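Visitor: Quick one: sequence plus predicted model below, questions after.
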Amino acid sequence: MYKVFVNEAPLILTNKLSEINNNKYFLLNPEAINEAIDLLMEGKIKKAYIYHPNHSEILNKFCKSIKREVAAGGVVTNKQGEVLFIYRNNKWDLPKGRVEKGESLEVCALREVAEETGVKELKIENQLLTTYHVFKRKDKYRLKEVFWYAMRTSYSGPLTPQLDEGIEKVKWKNPEQITKALTKSYTNIRILFGD
């Protein structure tokens, strides 16, 4: 099962009919996929399912209808146990960005965190979850697949938001501040914190 968020509503790609029950489901074809996304984007339904019997093929078949963009990012912790957040589009988010040609996911994640926040001395500890969301670019839907990494840093210098990427603020947040920030964040970010 894959949970793809469309305007914060889940579009669930599944190979189990038992998960669907009485919920709205769509077939795995371009017309049905676009209809499901349109309905979720417009808030006409709160959840949708796309069914295909083969789990190992479902994501690739979905991506034949919707172009996939691969990105990587980091959940960065400092020596004080605080987590690095960015503020963009009126939401608290985590640094991430698109993988460049020939770049590994790990190198992309490290580069994007450094570019978007100014934080250096980053070290990847392990890979976390992969999240999915749909967005629109040039009137076409796209699927963003984000590979997330847990990172540590001993950096204590200035934080520098990447303004040309629309980032207004970069902040270290303690557990109490994280809880508050997650109320003004995206579902995919809350998932990374076990929500």
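Guide: It's in. Residues are numbered from 1 along each chain as shown.

Visitor: who's in contact with the residue nearest to G81 when sequence neighbours are not counted?
Guide: Excluding its sequence neighbours, the residue lying closest to G81 (C-beta to C-beta, 6 or more residues apart in numbering) is N174, at 7.2 Å. Just so you know, the C-beta spots here come from the backbone N, C-alpha and C atoms, and that holds for glycine as well. The neighbourhood of N174, defined by C-beta atoms under 8 Å, 6 or more residues apart in numbering, consists of 80-82.

Visitor: Filter those residues down to the buried ones and hand me the ChimeraX line.
Guide: For anyone working in ChimeraX, the buried entries among those, judged by 16 or more other C-beta atoms under 10 Å, can be selected with:
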select :82
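
Visitor: Tell me where the protein has helices.
Guide: Under the criterion DSSP state H, the chain carries helices at the ranges 17-20, 30-41, 55-65, 105-117, 175-182, 187-192.

Visitor: got a list of contacts for stretch 118-132?
Guide: For stretch 118-132, using C-beta under 8 Å, 6+ apart, the contacting residues are 2-5, 74-76, 84, 106, 109-110, 113-114, 143-155, 157-161, 170, 188, 191-192.

Visitor: One more pass at 7 Å, please.
Guide: Contacting residues not belonging to stretch 118-132 are listed as 2-5, 75-76, 84, 106, 109-110, 113-114, 143-155, 158-160, 170, 188, 191-192 [C-beta atoms under 7 Å, 6 or more residues apart in numbering].

Visitor: From the chain's centroid, how far away is the helix or strand of the chain with the lowest mean pLDDT?
Guide: When the helices and strands of the chain are scored by mean pLDDT, DSSP states H and E, helix 17-20 comes last with a mean of 74. Its chain's C-alpha centre lies 25 Å from the corresponding centre of helix 17-20 when counted by C-alpha atoms, centre = their mean, to the nearest Å.

Visitor: Show me which positions of it end up buried.
Guide: Buried residues in helix 17-20 (16+ other C-beta under 10 Å): none.

Visitor: elements contacting it?
Guide: With contacts defined as 3 or more C-beta pairs under 7 Å, 6 or more residues apart in numbering; DSSP states H and E, the secondary structure elements packing on helix 17-20 are strand 48-51.

Visitor: Given the strand it packs on, what are its sheet partners and their directions?
Guide: Strand 48-51 has the following strand partners under DSSP bridges: strand 9-14 (parallel), strand 25-27 (parallel).

Visitor: okay, those, which one's buried deepest?
Guide: Stretch with highest mean neighbour count among these: strand 9-14 (a mean of 20; mean count of other C-beta atoms under 10 Å).

Visitor: Buried ones among the contacts of stretch 118-132?
Guide: Using 16+ other C-beta under 10 Å, the buried ones in these are 2-5, 75-76, 84, 109-110, 113-114, 143-149, 151, 153, 155, 170, 188, 192.

Visitor: Tell me, how many residues neighbour K16?
Guide: Using other C-beta atoms under 10 Å, K16 has 12 neighbouring residues.

Visitor: Tell me which residue lies farthest from the centre of the chain.
Guide: Among the C-alpha atoms of the chain, the one farthest from their average position, using C-alpha atoms, centre = their mean, is that of N22, at 27.7 Å.
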